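Enquirer: structure for this input, please:
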Amino acid sequence: MLNDFISLFFPNNCSCCNQVLKKGENYVCVICQTELPRTNYINQKDNPVSKLFWGRVELIYGFSTFHFGKHGRLQDLIHDLKYKNATGIGLFLGQQVGQEIKDSLPPNTFSYVIPVPLHPKKKLQRGYNQSTFLAEGISEVCGVPMNEKIIIRQVETTSQTRKSKFERWENVEDIFKIIDARHENKHFLLVDDVVTTGSTLESCALELLKIPGSKVSIAVAASGL
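Expert: Next comes the predicted model:
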């Protein structure tokens, strides 16, 4: 009753269309959810995200749940998540990824959900790691524990935005470090918000594969491929 009373004076609005959310809707209204550009990549073994890493890192699964297009609703959501402290959007997107996993893959496919780490300085500057909230959403839906204590980002990198493909790869080489290798023979689901060249995800996945018997899959909320 208290929540209903508060919502009369401070209504929650849809992050896409700004309309007041109805009861039972969170962050994005049902209509906008149906209009988000889904990929169905999880059911395509040779999808563009998976193929992006061929010859670079051995993955079990690689997929994105949504297409990322310029000036689209997904771009607005990701922008608000990364730069406007809209962490609830990360949770929402993670839940969407998690539901896709739950509907498409066998139970207990993954041992841990691992968000791509931010460097401590960058995390302090932003106040949070957006990938953590994606991972939390996936963990909540799939019942797979999230773990942020296996791997860290040990080198602060410069922005990737204006770099060439080779420069992006060079910029993220050896930037991650395993700090807890007591997780042998596990299947890690590595999570990030968007994939473009895949250089950061590649570097992180290769480091995780140094753990004996480990397997790695990659899930991102959106891809611009």
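Enquirer: any idea of the pLDDT on the nearest residue to residue 109 once chain neighbours are set aside?
Expert: Nearest non-adjacent residue to residue 109, counting by C-beta to C-beta, 6 or more residues apart in numbering: residue 187, 6.7 Å away. Quick note: C-beta positions are derived from backbone N, CA and C, even for glycine. Confidence at residue 187, expressed as pLDDT, is 98.
Enquirer: can you report how many residues lie near residue 187?
Expert: Residue 187 has 17 neighbours, counted by other C-beta atoms under 10 Å.
Enquirer: before we move on, what about residue 203?
Expert: 22.
Enquirer: how close does the spatially most central residue of the chain sit to residue 205?
Expert: Against the mean C-alpha coordinate of the chain, by C-alpha atoms, centre = their mean, the closest residue is residue 192 at 2.9 Å. From residue 192 across to residue 205, the span is 11 Å (C-beta to C-beta, to the nearest Å).
Enquirer: mutual contacts of those two, please.
Expert: Any residue near both residue 192 and residue 205 by C-beta atoms under 8 Å, 6 or more residues apart in numbering counts here, and that gives residue 218.
Enquirer: thinking again about what came up before, what kind of secondary structure is the residue nearest to the centre of the chain in?
Expert: Look at residue 192: counting by DSSP: H, G, I helix; E, B strand; the rest coil, its state is strand.
Enquirer: how about residue 97, what does it touch?
Expert: 65, 134, 137-138, 191, 219, 221.
Enquirer: just the ones of these in helices?
Expert: 134, 137-138 (DSSP state H).
Enquirer: which one of those residues has the most neighbours?
Expert: That'd be residue 134 among those, by other C-beta under 10 Å, with 32 neighbours.
Enquirer: what pLDDT does that one get?
Expert: pLDDT, residue 134: 98.
Enquirer: isn't it up against residue 222?
Expert: No. With contact defined as C-beta atoms under 8 Å, residue 134 does not count as touching residue 222 (10.4 Å).
Enquirer: what do the two both touch?
Expert: Taking C-beta under 8 Å, 6+ apart as the criterion, residue 134 and residue 222 both touch residue 193.
Enquirer: how about residue 156: what's its closest non-neighbour residue?
Expert: Once flanking residues are discounted, residue 156 sits nearest to residue 119: 4.2 Å by C-beta to C-beta, 6+ apart.
Enquirer: and the one you found, how many neighbours does it have?
Expert: If you count neighbours by other C-beta under 10 Å, residue 119 ends up with 16.
Enquirer: contacting residues around it?
Expert: Residue 119 neighbours (C-beta under 8 Å, 6+ apart): 153-157.
Enquirer: dump those residues into TSV; add secondary structure, distance to residue 12 and pLDDT as well.
Expert: Converted to TSV, the contacts of residue 119 look like this (DSSP: H, G, I helix; E, B strand; the rest coil; distance: C-beta to C-beta, whole Å; pLDDT from 0 to 100):
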residue	secondary structure	distance to residue 12	pLDDT
153	strand	33	95
154	coil	39	92
155	coil	39	87
156	coil	35	81
157	coil	36	72
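Enquirer: many thanks, we can stop here.
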